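Trainee: Quick one, what's the 3D model for this:
(chains A and B)
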Number of protein chains: 2
Amino acid sequence: MSALAHLNTPSALIDLDRMQANIARMQTRMDSLQVKFRPHVKTSKSAAVAAQQLAAGACGVTVSTLREAEQFYADGISDILYAVGMVANKLPQALALRRLGCDLKIITDSLASAQAIVQFGQLHGEILEVWIEIDSDGHRSGIKPEQQALLDVGQCLHQGGMKLGGVLTHAGSSYEYDTPVALIAIAEQERAACVLAAERLRAAGLPCPVVSVGSTPTALAAESLAGVTEVRAGVYVFFDLVMHNVGVCRMDEIALSVLTTVIGHQEEKGWAIVDAGWMAMSRDRGTQRQKCDFAYGQVCDLAAQPLAGYVLSSANQEHGILSLRDGVDADIVRRFPIGTQLRILPNHACATGAQYPEYIAIDAAGEVRHWPRLHGW
Amino acid sequence: MSALAHLNTPSALIDLDRMQANIARMQTRMDSLQVKFRPHVKTSKSAAVAAQQLAAGACGVTVSTLREAEQFYADGISDILYAVGMVANKLPQALALRRLGCDLKIITDSLASAQAIVQFGQLHGEILEVWIEIDSDGHRSGIKPEQQALLDVGQCLHQGGMKLGGVLTHAGSSYEYDTPVALIAIAEQERAACVLAAERLRAAGLPCPVVSVGSTPTALAAESLAGVTEVRAGVYVFFDLVMHNVGVCRMDEIALSVLTTVIGHQEEKGWAIVDAGWMAMSRDRGTQRQKCDFAYGQVCDLAAQPLAGYVLSSANQEHGILSLRDGVDADIVRRFPIGTQLRILPNHACATGAQYPEYIAIDAAGEVRHWPRLHGW
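Mentor: Numbering: from 1, shown residues only, chains lettered A, B, ... in the order given. All right, here's what the predicted structure looks like:
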């Protein structure tokens, strides 16, 4: 890993071998379950990463902002799902993308928004493709599959001349579980809710070709995807410590890490001070309430091998405090002299990546590539 | 605030009147205490904001990365303190800045780093200006004023031909207090430790012209700054909910807010869903252990007037859940219809600002300016 010695710190490193293995693992699983796969590119916000996901067989991408849709369309990807509820003031931006040729799908979970979409589409003579968001676990947005609102929204869109493309759900609460049995159960709950919603729409004479589900934990746990046509997942491409605690990846599958340099010590406290603070790691403390709290990250050597017990225990803006999680390392100064370079595995890859304008992608041969990353809205 | 209706959401808004009042308040205080003031621009990372701080009387700036130093020097600011411990692999970048004409000061808190600085300076024929970092409260980096290492580092730098510019400290633990008595005490502790360090260096025959202290709470609480030559503070320029809980600002002095749009509801839960999630607010939960926990932020109307009891109670990447902190608002759908625009006051202005490539600065007349913000290292 001598290629790393010349890099600026902090930097966001992608271990390409690990990332490619993660992409292959998910795509192989989706192929065997006979569903399409639409990765959520909000995790990487990188054209180079998305290109590898598509090359492996993905059918298109999911985005979390219209700015991402614009960027990925400019990068050559046309089949894009904007998976955050559409609101009237964003419709002109969505229309502009469709007029450029982007096959953009939008979503809604309310009659008020559906009416705004119909009104806007009719005004501009555009048949917008809309999917209805289903609430499968009560954790955020969506219409429950048994609610009358589902049919009301479907009829509003269909009778209003829009293309009712399907239903989608995201069982975000899957992040709260950490046993195979619980993950299989929440995956089945997610599947069943979304399929039920599709069946109710079809029984009411409405079209519903797409049934889209997913989160990284449920995608990797589902035993059956009967009735589902496509799966979405994001963080699997890098994985992180939260996913490690959920139980869907090994620590040596985490493909994103932060390269840092030791800049000082407080010897009597057993602290090394590093130049990766919360600006480099993000403020995400996603492992705080999980079975293993990694504070601001797991410390690894330059080869990304975890140094057991050493975590980034605290963080200021540009200072991280590296220490043993339990106890004081009286030998911290000799173990990690000033200038030592280390890698820190993050709690949450989506949040850590967002702190950087680019990734440094490194392959097994040590070749380094700089991959730009989208920032802002 | 009709100017806001046409803005993209989420956006990071600066209320210019509030910011200018915050700048004036701090500078007036520093003038009356007869010390120079060197704002920490890591908070805003914006040339336009720094320009107003300098116009009000600041003597130069403090930065947290060399990338900031490069950017602010390019923007015309020469007197720059890089207030994170220098390490050998960053010295070439510091030298390049000095060779361009930047009056860059660097800092150290160890003999190992001091030796590396001397060796590098001598090798390149450059007299680097170095300040010694003092630990005044045990919260992070620095040499305690009574330690022998202080004199060892001073002698190493001075005898090695570098310019020993002074001492600095940052009582970051001041953020943990919330009473005037405690803030006055930690300010005095910060002052006394730094002045003692300067006196010890001088008694040993070493130069120590600068005695630099500061944090926003101590700068606003200090009753005496005898022996101090300059103060540093960052977040005061915007303030935030953490500083409100510390007790150094009113809520109507917070100058940074996030503009957001209501995109949906879960009526039976009393939730409005907004398009400001943790990507828009940051993951900073700085008020979590303070006397009032604002979750992911305080909800305000478009005029930035707080809506008492309403907070951003939870956040996913691009979804925020807005609710009453205590209880369920059965009228949430009618109170905040889809499309409603709101402003959210952040826990931590430094972290929230970092999520945006630009600020939208608005004055009392509603005029809008787009101010770019530095991202990355």
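Trainee: Show me the strands in the stretch 151-300 of chain A, by range?
Mentor: Assigned by DSSP state E, counting those that start in this stretch, the strands in the stretch 151-300 of chain A fall at A:163-169, A:210-213, A:230-231, A:256-266, A:271-274, A:298-300.
Trainee: Can you tell me what sits against the second one?
Mentor: The list of residues contacting strand A:210-213 from outside it, by Cβ atoms under 8 Å, 6 or more residues apart in numbering or on different chains, reads A:38, A:81, A:131, A:136, A:165-171, A:190-191, A:194-195, A:198, A:225, A:227-232. Glycine gets a C-beta too; all of them are placed from N, C-alpha and C.
Trainee: Would stretch A:28-48 count as contacting chain B?
Mentor: Yes: using Cβ under 8 Å from any Cβ of the partner chain, stretch A:28-48 reaches chain B at A:K42.
Trainee: Between the two ends of that stretch, how far is it?
Mentor: 20 Å (Cα to Cα, to the nearest Å).
Trainee: Quick one: the helices in chain A, in order.
Mentor: A:16-32, A:47-55, A:66-74, A:91-100, A:111-124, A:148-159, A:180-203, A:216-221, A:241-246, A:278-281, A:332-335, A:349-353 (DSSP state H).
Trainee: circling back to that earlier point, now the strands of the stretch 151-300 of chain A as TSV including mean pLDDT and mean neighbour count?
Mentor: TSV is the format used below for the strands of the stretch 151-300 of chain A (pLDDT from 0 to 100; neighbours: other Cβ atoms under 10 Å in any protein chain shown):
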stretch	mean pLDDT	mean neighbour count
strand A:163-169	98	25
strand A:210-213	98	26
strand A:230-231	98	24
strand A:256-266	98	25
strand A:271-274	98	26
strand A:298-300	98	26
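Trainee: so which residue of the stretch 101-250 of chain A comes closest to chain B?
Mentor: A:A112 (4.7 Å; Cβ to the nearest Cβ).
Trainee: circling back: what's the closest of the helices of chain A to B:P337?
Mentor: helix A:111-124 (7.2 Å; Cβ to Cβ).
Trainee: Show me what from the stretch 201-350 of chain A comes close to chain B.
Mentor: Near chain B, when you scan the stretch 201-350 of chain A using Cβ under 8 Å from any Cβ, you find A:261-266, A:273, A:275, A:278-280, A:282-285, A:316-319, A:321, A:337-339, A:348, A:350.
Trainee: Enumerate every residue touching A:H244.
Mentor: Per Cβ under 8 Å, 6+ apart, neighbours of A:H244: A:R250, A:M251, A:I254.
Trainee: quick check, nearest of those residues to A:L4?
Mentor: A:I254 (16.5 Å).
Trainee: so that closest one makes contact with A:V237?
Mentor: No: under the contact definition of Cβ atoms under 8 Å, A:I254 does not touch A:V237, with a separation of 11.0 Å.
Trainee: overlap in contacts of the two?
Mentor: Common neighbours of A:I254 and A:V237 are listed as A:A349 (criterion: Cβ under 8 Å, 6+ apart).
Trainee: surely A:F336 meets A:I273?
Mentor: No: between A:F336 and A:I273 there is no contact under Cβ under 8 Å: 9.8 Å.
Trainee: who touches both of these two?
Mentor: A:V262, A:H265, A:L322.
Trainee: Mind listing the residues bridging to the first one?
Mentor: Under DSSP bridges, the beta-bridge partners of A:V262 are A:V274.
Trainee: correct me, but it touches A:V333?
Mentor: No: if you go by Cβ under 8 Å, A:V262 and A:V333 don't touch, sitting 9.5 Å apart.
Trainee: what sits in contact with each of the two?
Mentor: Contacts common to A:V262 and A:V333, judged by Cβ under 8 Å, 6+ apart, are A:A272.
Trainee: Relative to chain B, how far out is A:L256?
Mentor: 16 Å (Cβ to the nearest Cβ, to the nearest Å).
Trainee: mind giving me the domain ranges of chain A?
Mentor: According to automatic domain parsing, chain A comprises the domains A:2-10+A:255-372, A:33-235.
Trainee: Check the separation of the first and last residues in the shortest one.
Mentor: Read it as domain A:2-10+A:255-372. 23 Å.
Trainee: which ones are touching the closest residue to chain B within the stretch 151-300 of chain A?
Mentor: Closest to chain B within the stretch 151-300 of chain A is A:R283: 3.8 Å, counting by Cβ to the nearest Cβ. Contacts for A:R283 (Cβ under 8 Å, 6+ apart) come out as A:A315, A:A351, B:S282, B:R283, B:D284, B:R285, B:H348, B:A351.
Trainee: Of those residues, which pair is most distant in space?
Mentor: Top of the distance list for these (Cβ to Cβ): A:A351 and B:H348, 14.4 Å.
Trainee: For the residue nearest to A:P209 when sequence neighbours are not counted, list each beta-bridge partner.
Mentor: Once flanking residues are discounted, A:P209 sits nearest to A:G166: 5.5 Å by Cβ to Cβ, 6 or more residues apart in numbering or on different chains. Beta-bridge partners for A:G166, by DSSP bridges, are A:W131, A:V210.
Trainee: separation between A:G166 and A:H139?
Mentor: 21 Å (Cβ to Cβ, to the nearest Å).
Trainee: now swap in A:Y175 and tell me
Mentor: From A:Y175 across to A:H139, the span is 9 Å (Cβ to Cβ).
Trainee: between these two, who's got more neighbours?
Mentor: Taking other Cβ atoms under 10 Å in any protein chain shown, A:Y175 and A:H139 do not tie; A:Y175 has more neighbours (22 against 19).
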